[in-house]
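Trainee: Need coordinates for the below:
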Amino acid sequence: PVAERPRPTPRTPSTPTTMPGHFSAYFAAVLALGIVRATPDSCDGIPWAQSDGSVDCQDYDGAYAETLAFITASMPPWDQMNSETLLDGGVVGVSLNLSLDAYKTYPWAATVSKEIFMNDVVPYGIVNEGRSNWRQLMTDKVLPLVANQTTTDLSEIAMLVNSVMWSQFGQEIVFKSEQTPLIMDPMSTITFGFASCTGVSILYTDALRAVGVPARLVGTPAWNGAVENGNHNWVEVYTGAEDG
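Mentor: Now for the predicted structure:
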């Protein structure tokens, strides 16, 4: 079966809602300033957004070192065993550079605090899916679809990505049940052209993170509270401090 991907309806973080199309997100408007570049003229580095509307300008090398330290300390056990492969010329360095470039360049990304950005944009993986250089692919395929946007509304960018990304990989990506864990990582989903809720949600999360929108995979082991219904995964999107 193929699940359609309708536009998500608004919800608040305190009232989860099951969404058709295997996506769930909480959306609310963030003030749109209509700027083209995120970095203030006075900041040559990374302009981390502060709660009072100001920015904390951190030099690029310092920001890179801090995000690298965070990623290294946060590695799950199965990645720690391969940390040298991931860190020494592996996907981590590319992922960090592209993440920081997106924050510095795009106005919606620059509304996100350092803490949320590190937790929900920077990571090179979602769960235990195969590791790959997905961020470079998403930067090449998805980022150009939103790069000319001047909004600071994270929900607007998330909606736009969801509406256009699924046909950008040589074939239409569709939902197909019972594919996890065989088809779960983004490269497998793109190659086969389908995945179940876990794989499709990982792909959408990766696409959002590649354009600087904080997102995470969430789920339940018992859909609708019934173990016999199996598990289910979907995507939560952070849309600003106003939403919690």
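Trainee: Report the secondary structure state of N233.
Mentor: In three-state terms, and counting by DSSP: H, G, I helix; E, B strand; the rest coil, N233 is strand.
Trainee: so it sits right up against L203, yeah?
Mentor: No. In terms of C-beta atoms under 8 Å, N233 does not count as a neighbour of L203; the distance is 11.4 Å. Where you see a C-beta, it was placed from the backbone N, CA and C, and this is true even at glycine.
Trainee: In the chain, where is pLDDT below threshold?
Mentor: Scanning the chain for pLDDT under 70 picks out the ranges 1-41, 242-244.
Trainee: secondary structure class for the residue nearest to the spatial centre of it?
Mentor: Centroid check for the chain by C-alpha atoms, centre = their mean gives R209 as the closest residue, at 2.6 Å. Applying three-state DSSP to R209 yields a three-state assignment of helix.
Trainee: show me the residues around it that make contact.
Mentor: S99, D120, V121, V122, P123, R135, M138, A215 (C-beta atoms under 8 Å, 6 or more residues apart in numbering).
Trainee: check contacts around the residue nearest to N133 when sequence neighbours are not counted.
Mentor: Distances taken as C-beta to C-beta, 6 or more residues apart in numbering put V91 closest to N133, at 5.0 Å, once the chain neighbours are dropped. For V91, the contacting residues are Y124, R131, S132, N133, R135, by C-beta under 8 Å, 6+ apart.
Trainee: and the third one, that one's in a strand?
Mentor: So that's S132. No. S132 sits outside any strand when classified using three-state DSSP, being coil.
Trainee: Quick check, it in contact with D185.
Mentor: Yes. If you go by C-beta under 8 Å, S132 and D185 touch, sitting 6.3 Å apart.
Trainee: Which parts of this structure are helices?
Mentor: 60-74, 77-80, 83-87, 91-105, 114-120, 134-141, 143-146, 154-164, 186-192, 197-210 (DSSP state H).
Trainee: Fine by me, thanks again.
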